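Trainee: Provided below are the primary sequence and the corresponding predicted coordinates.
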Amino acid sequence: MRSLMLAIVLAASPVAALADSLDPSLEQLPNAIKVKGPRPKSNPEVVTPAATTLPAELDRLQAPAPLALPTTPSQVRIVDYRPLRLNEVERLIEVNSPQLKAIASQVEQAKSNLRAQISAWYPTLNFSSDGFPSRSFSNRNSNFVTQNNQNNQNNQNTYNQSQVNGASANLRFNWDLINPQRVPQIAAARDQFEKAKNQYLISLRELRLQAATAYFSVQNSDDQVRIGKSAVQSSSVSLRDARARLQAGVATKLDVMEAETQLARDQQKLTDGMLQQALARRDLARLLDLPQNVTPTAADPSALLGVWQPSLQESIVAAYAFREELSNLILDVSIANSNANNALGNIQPTLSIFSSSQWGKLFNNASVSDPANTDSVIETLTQQIGLNLKWSLFDGGKSAAQARQQRQLATENTYKFSTQRDQIRYDVEQAYYTLQAQIRNLITTSRQVLSTRESLRLARLRFQAGVGTQRNVVDSQRDATTAEVDYSNSVSKYNTNVAQLRRRTGLDQVLRCTPTKLPALPPNKDPITDVPVIPVPTTSPCLVQAVSR
């Protein structure tokens, strides 16, 4: 009987009409484009699950307690510079990240809320007691006037005191047979739960991207420091040679001043590089939530991650299939429709069955002024069963207006879906085109590195032979340093774009670079310098990296 009644209620509810309107079958449109299905469920298989434990070698890098706060300088003094690899960084951010833990807690909260809403299908049983036990006192003072035979009036005072002890209890059973708001509330809670799970997957992908980007920044800053140190050493040698030639009378004071100026520039570049290195390392420590006395460093040298294999079109389609942001917008549409049905439930009848049992017992003590009044016991037991019908016939149009507002919100979310769809494609195209540009930049900057190194060598030989000037050496050295910096930036940006494509598409089709070693004899045709004037896309940057190294 109960299952039949539930089936009737579900069939008559507004959610049933919504479910019929949102047919799971996908409507075929021209050009084989499919409409996004209703109420998508999160699929954790599209993302590698987050790690929950650290290996033995990383156990000391466990995140501190969430509410821990250092109180002494010794607790925040850096005592350990820990080299980390990229895969170790990704493992640490999955285990330590407080942001990911907070979102995981939100998933559990949404699950508990769904369970609380499902409880509306079950009956309720309440117990209450007004006095269990209770005691009450009452006093009464009476003044009587009497007249005797001698016509004398006498005043008589009567003082009564009574005491009542008792207990009472009430047990009430209630079960909603028809409740129009029950199904929409459960549907909205279920969609909120799916949204929370999708948000966890989104945050996990975003944290992995942030970890990789921060790690590439550390690698780039290490290269900047290395280039700065090399430039300072080279400028120091040039200054030493200029001073020696000045003492020998074959150079001028201007040559020495130019060498000193270049040394100052390189020292400033080294200082800036060391600043960026310190900030990049601490930013990585912040993301990984490492202990307060540990600073991470990059154990892997700066190198290309590999070649992105999917085409632009494949990347766009994969992004549409694996981006949970689109699924969340569909769930927002469903939640708004459920809220609209919930609002309409305010003006629909609600039928419930109830049963109530009341019990009470009173003990009345004897009155002090009347010893003949003995204790009395009064016990009552009342039982009641019936149906309750609640129906708001008119509320001034409030429920209809609230339902209309939610329907409009659902329409708004459909437009947001279109905006997000276009933004996803643009993000993929931006990362893909930028990646292709970085490949061309790798070719250009690697050629600059080779040419500026050779120019610096020739400028020094000419200066030592007395046929060149210190200005030529300074300019060549500055060009060589700039070329090294540009190449390092290109490698960092290339790797960042590969990581972004992984994040945007959910794919991991990257062909690892296996650079070939340079032969002892130069090739007949240099693959680096033989580049047309107009840059063209290249399919593999690995050879560029091998030659530049």
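Mentor: Arrived safely.
Trainee: going forward, measure contacts between C-alpha atoms and count neighbours the same way
Mentor: Will do.
Trainee: From residue 475, how far off is residue 274?
Mentor: 24 Å (C-alpha to C-alpha, to the nearest Å).
Trainee: same question, residue 170
Mentor: Using C-alpha to C-alpha, we find residue 170 at a distance of 96 Å from residue 475.
Trainee: what's the answer for residue 289, then?
Mentor: In terms of C-alpha to C-alpha, residue 289 sits 44 Å off from residue 475.
Trainee: What residues sit buried inside the host helix or strand of residue 112?
Mentor: Using DSSP states H and E, residue 112 maps to helix 98-118. Residues of helix 98-118 classed as buried by neighbour count (16 or more other C-alpha atoms under 10 Å): 98-100, 103-104, 106-107, 110-111, 113-114, 117-118.
Trainee: could I get those as a markdown table with pLDDT and distance to residue 342?
Mentor: Below are those laid out as a markdown table (pLDDT from 0 to 100; distance: C-alpha to C-alpha, whole Å):
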| residue | pLDDT | distance to residue 342 |
| --- | --- | --- |
| 98 | 92 | 36 |
| 99 | 92 | 33 |
| 100 | 92 | 32 |
| 103 | 93 | 27 |
| 104 | 92 | 28 |
| 106 | 93 | 24 |
| 107 | 93 | 23 |
| 110 | 95 | 19 |
| 111 | 94 | 20 |
| 113 | 95 | 16 |
| 114 | 95 | 15 |
| 117 | 94 | 13 |
| 118 | 95 | 15 |
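Trainee: would you list those residues in JSON lines and tack on distance to residue 41?
Mentor: Below are the buried residues of helix 98-118 laid out as JSON lines (distance: C-alpha to C-alpha, whole Å):
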{"residue": "98", "distance to residue 41": "25"}
{"residue": "99", "distance to residue 41": "23"}
{"residue": "100", "distance to residue 41": "20"}
{"residue": "103", "distance to residue 41": "18"}
{"residue": "104", "distance to residue 41": "17"}
{"residue": "106", "distance to residue 41": "17"}
{"residue": "107", "distance to residue 41": "14"}
{"residue": "110", "distance to residue 41": "14"}
{"residue": "111", "distance to residue 41": "14"}
{"residue": "113", "distance to residue 41": "17"}
{"residue": "114", "distance to residue 41": "15"}
{"residue": "117", "distance to residue 41": "19"}
{"residue": "118", "distance to residue 41": "18"}
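Trainee: Give me the residue at the spatial middle of the protein.
Mentor: When C-alpha atoms, centre = their mean is applied to the chain, the residue found nearest the centroid is residue 203 (3.4 Å).
Trainee: what's downstream of the strand or helix carrying that one, the next helix or strand?
Mentor: Using DSSP H and E, residue 203 maps to helix 182-248. Helices and strands here follow DSSP H and E; after helix 182-248, the next one along the chain is helix 253-288.
Trainee: elements contacting the following helix or strand past that next one?
Mentor: Per DSSP H and E, helix 253-288 leads on to strand 294-298 as the next helix or strand towards the C-terminus. The helices and strands touching strand 294-298, judged by 3 or more C-alpha pairs under 8 Å, 6 or more residues apart in numbering; DSSP states H and E, are strand 80-84, helix 182-248, helix 253-288.
Trainee: elements contacting the second one?
Mentor: The elements that helix 182-248 packs onto, with contact taken as 3+ C-alpha pairs under 8 Å, 6+ apart, are helix 14-21, helix 86-96, helix 98-118, helix 253-288, strand 294-298, helix 324-344, helix 470-505.
Trainee: okay if I get the ones you listed as a markdown table plus distance to residue 450?
Mentor: Below are those laid out as a markdown table (distance: least, C-alpha to C-alpha, whole Å):
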| stretch | distance to residue 450 |
| --- | --- |
| helix 14-21 | 66 |
| helix 86-96 | 29 |
| helix 98-118 | 45 |
| helix 253-288 | 20 |
| strand 294-298 | 26 |
| helix 324-344 | 45 |
| helix 470-505 | 9 |
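Trainee: can you pull the buried residues of stretch 69-89?
Mentor: Quick answer for stretch 69-89 (16+ other C-alpha under 10 Å): 84, 89.
Trainee: so how far is the first residue of it from its last?
Mentor: 24 Å.
Trainee: now do stretch 173-189
Mentor: 26 Å.
Trainee: For that stretch, which residues meet the burial criterion?
Mentor: For stretch 173-189, a neighbour-count test (16+ other C-alpha under 10 Å) marks 174-189 as buried.
Trainee: quick check, nearest of these to residue 51?
Mentor: residue 189 (28.0 Å; C-alpha to C-alpha).
Trainee: dump the residue contacts of the closest residue to the closest one other than its chain neighbours.
Mentor: Nearest residue to residue 189, sequence neighbours excluded (C-alpha to C-alpha, 6 or more residues apart in numbering): residue 114, at 5.0 Å. Each residue near residue 114 by C-alpha atoms under 8 Å, 6 or more residues apart in numbering is listed here: 186, 189-190, 193.
Trainee: which of the residues you listed lies closest to residue 385?
Mentor: Nearest to residue 385 among these is residue 186, at 28.4 Å by C-alpha to C-alpha.
Trainee: Just the pLDDT at that closest one, thanks.
Mentor: pLDDT for residue 186: 95.
Trainee: what's the answer for the one 3 residues further on, then?
Mentor: For residue 189, the model assigns a pLDDT of 95.
Trainee: what are the ranges of the strands in the stretch 401-549 of the chain?
Mentor: 510-511 (DSSP state E, counting those that start in this stretch).
Trainee: What segments of it are helices?
Mentor: Ranges of helices in the stretch 401-549 of the chain, per DSSP state H, counting those that start in this stretch, are 470-505, 542-548.
Trainee: so which of those helices is the most packed in?
Mentor: helix 470-505 (a mean of 22; mean count of other C-alpha atoms under 10 Å).
Trainee: Show me what that helix is packed up against.
Mentor: Using 3+ C-alpha pairs under 8 Å, 6+ apart, helix 470-505 is in contact with helix 182-248, helix 253-288, helix 312-322, helix 398-464.
Trainee: Any chance of a markdown table for those helices, columns distance to residue 69?
Mentor: Formatted as a markdown table, the helices and strands packed on helix 470-505 follow (distance: least, C-alpha to C-alpha, whole Å):
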| stretch | distance to residue 69 |
| --- | --- |
| helix 182-248 | 24 |
| helix 253-288 | 14 |
| helix 312-322 | 39 |
| helix 398-464 | 39 |
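Trainee: can you tell which of those is closest to residue 380?
Mentor: Using C-alpha to C-alpha, the nearest of those to residue 380 is helix 182-248, at 37.0 Å.
Trainee: Low-confidence stretches in the stretch 1-150 of the chain?
Mentor: Applying pLDDT under 70 to the stretch 1-150 of the chain picks out residues 1-39, 42-47, 131-150.
Trainee: same question, the chain
Mentor: 1-39, 42-47, 131-164, 364-375, 514-549.
Trainee: In PDB, list the C-alpha atoms belonging to stretch 439-456.
Mentor: The C-alpha trace of stretch 439-456 is given here as PDB (Å, rounded to 0.1, in the frame of the first residue of the first chain):
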ATOM      1  CA  ILE A 439      58.200  26.100 -30.400                       C
ATOM      2  CA  ARG A 440      59.100  28.800 -32.900                       C
ATOM      3  CA  ASN A 441      60.500  30.900 -30.100                       C
ATOM      4  CA  LEU A 442      62.700  28.000 -29.100                       C
ATOM      5  CA  ILE A 443      64.100  27.900 -32.600                       C
ATOM      6  CA  THR A 444      64.700  31.600 -32.600                       C
ATOM      7  CA  THR A 445      66.200  31.900 -29.200                       C
ATOM      8  CA  SER A 446      68.400  28.800 -29.600                       C
ATOM      9  CA  ARG A 447      69.800  30.300 -32.800                       C
ATOM     10  CA  GLN A 448      70.400  33.600 -30.800                       C
ATOM     11  CA  VAL A 449      72.300  31.700 -28.100                       C
ATOM     12  CA  LEU A 450      74.600  30.000 -30.600                       C
ATOM     13  CA  SER A 451      75.200  33.200 -32.600                       C
ATOM     14  CA  THR A 452      75.800  35.500 -29.600                       C
ATOM     15  CA  ARG A 453      78.200  33.000 -28.000                       C
ATOM     16  CA  GLU A 454      80.200  32.900 -31.100                       C
ATOM     17  CA  SER A 455      80.000  36.700 -31.400                       C
ATOM     18  CA  LEU A 456      81.300  37.100 -27.800                       C
END
